[in-house]
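>>> build me a model:
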Amino acid sequence: MSPRRNRQRGAKQPSPTGEGPREFGLERTDEWRGEEWVVRGVTGSGATKHYRCPGCDQEIPPGVPHVVSWPRMGAVDDRRHWHRSCWNARDRRGARPQRSRNAPRY
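Reported below is the predicted structural model:
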């Protein structure tokens, strides 16, 4: 029997020259809106609280894998919990949900 392959064939490795996102263990750095953002994945077992995703304004219930991001030079209070798909689509979506024309005005 042949050994099990854990890596996908042809998977790209992070560039040692610093091009593209940099990865540090479980964290990586992404460029967004002219800032460096630290992005850390949260497993389902590590998600124990309810969070509100800034990308879609929907709740992230406990037990759902997601990502936490914050500006590299930001404070602890700047951390935001995003659905993985919302973080990946952050350039196509605003960080604030768009209010419909029929939504109540406060």
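>>> which residues of this structure fall in helices?
For the chain, the helices defined by DSSP state H cover 84-88.
>>> could you point out the longest strand in it?
Determined from DSSP state E, the single longest strand within the chain is strand 35-42.
>>> now do that one: which elements does it pack against?
For strand 35-42, the packing partners by 3 or more Cβ pairs under 8 Å, 6 or more residues apart in numbering; DSSP states H and E come out as strand 27-32, strand 66-71. C-beta: built from backbone N, CA, C; applies to glycine.
>>> so it versus strand 66-71, what angle?
150 degrees (axes from the mean of the first three to the mean of the last three Cα atoms, to 10 degrees).
>>> quick check: mean pLDDT of strand 35-42?
Mean pLDDT, strand 35-42: 90.
>>> contact partners of it?
For strand 35-42, the external contacting residues (Cβ atoms under 8 Å, 6 or more residues apart in numbering) are 26-31, 65-73, 81, 84, 87.
>>> given it, what are its sheet partners and their directions?
If you go by DSSP bridges, strand 35-42 pairs up with strand 27-32 (antiparallel), strand 66-71 (antiparallel).
>>> residues near the nearest residue to Asp91 once chain neighbours are set aside, how many?
Counting by Cβ to Cβ, 6 or more residues apart in numbering, Trp32 is the residue found nearest to Asp91 once chain neighbours are left out, at 7.6 Å. By other Cβ atoms under 10 Å, the residues close to Trp32 number 14.
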